[in-house]
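Q: prediction below, plus the sequence it came from.
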Amino acid sequence: MNLLKRTVTAVVLLGAVFLVVQYAPNWVFFLFGQAVIVAALLELYALAEKKDIHPERALGIGLTLLAGLPFYFRTIPFEAGLFAGLLATGIYFVAATRSAERLGRFPAAFAFTLFGAVYLGFTLSFIYRLRLEFGPLMLYFLAAVVFLGDTGAYLIGKPFGRHKMTPVASPNKSWEGSAGGILFALAGALLARSVLKLEVPLATALLTAVVVHAAAQVSDPLESLFKRAAGVKDSSNALPGHGGFLDRIDSLILAGPLFYFIVKHIWR
């Protein structure tokens, strides 16, 4: 039954994502991405609450959307959006901290509320800018490298993993699996470059695959640290058989922006 759930959920998700990536106008793609980011943010905040950290959810959502605005409205400087978020957070907590109980919670609540918006809202919004500037094909290349790499890490690491890579964050991850992930990421880059007919030198595409998937291998266990600290396996049960939204996009948090910078400053 769990396999059936995973399969049905995967088919529905992949179909919806493909339609949005390939055919949706930019404003729909942006709103779709922001909705996913907010869903992941709420899961992150729920993990924090399990450790008696109480981020301000409504404020965090507002900050996350604010962090995404410069990606859509290109006349808004990134630094202006980030400063506006910091200013708004400061005003809110100065006005709202009026009791000894709230004062005791203030440092962690302030830090985690702001952190969530930057950790997810700022980083994942680069996915929108990647499609806007370079088209859907770049997203397919990124997906091939990251998700085929993840598959390779599992297929190699499961039977052959002996040396633990991140024993606290992800006990099942091994250096053998990491090597398998890089190999599959290289295969994904070769496949995507050929099928999508990308005009990028082969060596550049392969080196990009290695660097981007290495970032994904950091991004995944980084998110896992929050779950381990909270004592849970998945960020939520929102996606049957697949955990939560945060679980599905964790590899892209660091890999997505890095790929954008590589394409913008090295590929073109």
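A: Now that the structure is in, tell me what you want to look at.
Q: number of residues surrounding P107?
A: For P107, the number of neighbouring residues by other C-beta atoms under 10 Å comes to 11. The way it works is simple: take the backbone N, C-alpha and C, and place the C-beta from them, glycine included.
Q: which element is encountered next along the chain beyond the helix or strand where it lies?
A: P107 is part of helix 100-116 when elements are defined by DSSP states H and E. Downstream of helix 100-116, the next assigned helix or strand under DSSP H and E is helix 123-124.
Q: about what we covered before: now do the helix holding P107, average pLDDT.
A: For helix 100-116, the mean per-residue pLDDT is 94.
Q: can you list the buried residues in that helix?
A: For helix 100-116, the neighbour count (16 or more other C-beta atoms under 10 Å) marks 105, 109-110, 112-114, 116 as buried.
Q: which strands or helices does it pack on?
A: Helix 100-116 sits against helix 26-49, helix 57-72, helix 78-96, with contacts defined as 3 or more C-beta pairs under 8 Å, 6 or more residues apart in numbering; DSSP states H and E.
Q: select, out of the ones you listed, the one closest to S174.
A: Among the helices and strands packed on helix 100-116, helix 26-49 comes nearest to S174, with 24.8 Å by C-beta to C-beta.
Q: output that closest one as PDB, nothing but the C-alphas.
A: Output of helix 26-49 as PDB, limited to C-alpha atoms (Å, rounded to 0.1, in the frame of the first residue of the first chain):
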ATOM      1  CA  ASN A  26       5.400  33.400 -15.500                       C
ATOM      2  CA  TRP A  27       3.000  34.800 -12.900                       C
ATOM      3  CA  VAL A  28       1.400  31.400 -12.400                       C
ATOM      4  CA  PHE A  29       4.700  29.700 -12.100                       C
ATOM      5  CA  PHE A  30       5.800  32.300  -9.600                       C
ATOM      6  CA  LEU A  31       2.700  31.900  -7.500                       C
ATOM      7  CA  PHE A  32       2.900  28.100  -7.700                       C
ATOM      8  CA  GLY A  33       6.500  28.300  -6.400                       C
ATOM      9  CA  GLN A  34       5.600  30.700  -3.600                       C
ATOM     10  CA  ALA A  35       2.800  28.400  -2.500                       C
ATOM     11  CA  VAL A  36       5.200  25.400  -2.300                       C
ATOM     12  CA  ILE A  37       7.700  27.600  -0.400                       C
ATOM     13  CA  VAL A  38       5.100  28.700   2.200                       C
ATOM     14  CA  ALA A  39       4.000  25.100   2.700                       C
ATOM     15  CA  ALA A  40       7.600  24.100   3.300                       C
ATOM     16  CA  LEU A  41       8.100  27.100   5.600                       C
ATOM     17  CA  LEU A  42       5.100  26.000   7.800                       C
ATOM     18  CA  GLU A  43       6.600  22.500   8.100                       C
ATOM     19  CA  LEU A  44       9.900  24.000   9.100                       C
ATOM     20  CA  TYR A  45       8.200  26.100  11.800                       C
ATOM     21  CA  ALA A  46       6.300  23.100  13.000                       C
ATOM     22  CA  LEU A  47       9.700  21.300  13.500                       C
ATOM     23  CA  ALA A  48      11.000  24.300  15.500                       C
ATOM     24  CA  GLU A  49       7.900  24.200  17.700                       C
END
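Q: buried residues of it, list them for me.
A: Residues of helix 26-49 classed as buried by neighbour count (16+ other C-beta under 10 Å): 29-30, 32-34, 36-48.
Q: next: stretch 168-183.
A: Buried residues in stretch 168-183 (16+ other C-beta under 10 Å): 169-170, 173-174, 176-183.
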